[in-house]
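K.L.:
return a 3D structure for these sequence lines:
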Amino acid sequence: MLEKKAAHKTGKSLLRHTPGGVEVENQVDRESIVRSVKETTAPKKKPAEKTTSIRISVTTRNALNSLVTLGEAETVNALLEEFITQKLESLRPDQQRTYDIINGVATKRDNV
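P.N.:
Below you'll find the predicted structure:
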């Protein structure tokens, strides 16, 4: 069975009882806490984009997650954006124009 350990007692009470109630040494003012919370501003997040899923192989998913875990990007989405940017920069000008047209049509369709 488990043995019950005796509580460590210092012999001195941590609270002082006075006729009016309990006396607190370091009373914290609620208003000062509320003010300090209001003064600290959280970093503004950009609005979340609508998300979707794509079909990829398990091997590709694992590779992407592994690169994120290594610290190559903050998220899989950021990593994919980096890969896409690199690929777009390597396109010929005529391919770039065709891409812009196709991507514009897809974007307009999504916004409807």
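K.L.:
which residue ranges form the strands in the protein?
P.N.:
16-18, 21-23 (DSSP state E).
K.L.:
save those strands as TSV, and put in distance to residue 47, mean neighbour count and mean pLDDT too.
P.N.:
No exception for glycine: its C-beta is placed from N, CA and C like everyone else's. Shown next, in TSV, are the strands of the chain (distance: least, Cβ to Cβ, whole Å; neighbours: other Cβ atoms under 10 Å; pLDDT from 0 to 100):
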stretch	distance to residue 47	mean neighbour count	mean pLDDT
strand 16-18	53	9	71
strand 21-23	48	8	71
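K.L.:
any chance of the ones you listed in CSV, plus distance to residue 81?
P.N.:
Below are those laid out as CSV (distance: least, Cβ to Cβ, whole Å):
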stretch, distance to residue 81
strand 16-18, 61
strand 21-23, 58
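K.L.:
among those, which comes closest to residue 52?
P.N.:
For the strands of the chain, the distance to residue 52 is smallest for strand 21-23, at 57.9 Å, taking Cβ to Cβ.
K.L.:
circling back: ok, which of the strands of the chain comes nearest residue 48?
P.N.:
Closest among these, using Cβ to Cβ: strand 21-23, at 47.4 Å.
K.L.:
longest helix anywhere in this protein?
P.N.:
helix 93-111 (DSSP state H).
K.L.:
output that helix as PDB - backbone C-alpha positions only.
P.N.:
Output in PDB follows, covering the C-alpha atoms of helix 93-111 (Å, rounded to 0.1, in the frame of the first residue of the first chain):
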ATOM      1  CA  PRO A  93       7.700  34.000 -70.800                       C
ATOM      2  CA  ASP A  94       5.000  32.300 -72.900                       C
ATOM      3  CA  GLN A  95       4.500  29.700 -70.200                       C
ATOM      4  CA  GLN A  96       4.200  32.500 -67.600                       C
ATOM      5  CA  ARG A  97       1.500  34.200 -69.600                       C
ATOM      6  CA  THR A  98      -0.400  30.900 -70.000                       C
ATOM      7  CA  TYR A  99      -0.100  30.200 -66.300                       C
ATOM      8  CA  ASP A 100      -1.400  33.700 -65.400                       C
ATOM      9  CA  ILE A 101      -4.400  33.200 -67.600                       C
ATOM     10  CA  ILE A 102      -5.200  29.700 -66.200                       C
ATOM     11  CA  ASN A 103      -4.600  30.800 -62.600                       C
ATOM     12  CA  GLY A 104      -6.700  34.000 -63.100                       C
ATOM     13  CA  VAL A 105      -9.700  31.900 -64.400                       C
ATOM     14  CA  ALA A 106      -9.300  29.500 -61.400                       C
ATOM     15  CA  THR A 107      -9.200  32.400 -58.900                       C
ATOM     16  CA  LYS A 108     -12.300  34.000 -60.400                       C
ATOM     17  CA  ARG A 109     -14.100  30.700 -60.300                       C
ATOM     18  CA  ASP A 110     -13.300  30.300 -56.600                       C
ATOM     19  CA  ASN A 111     -14.400  33.900 -55.700                       C
END
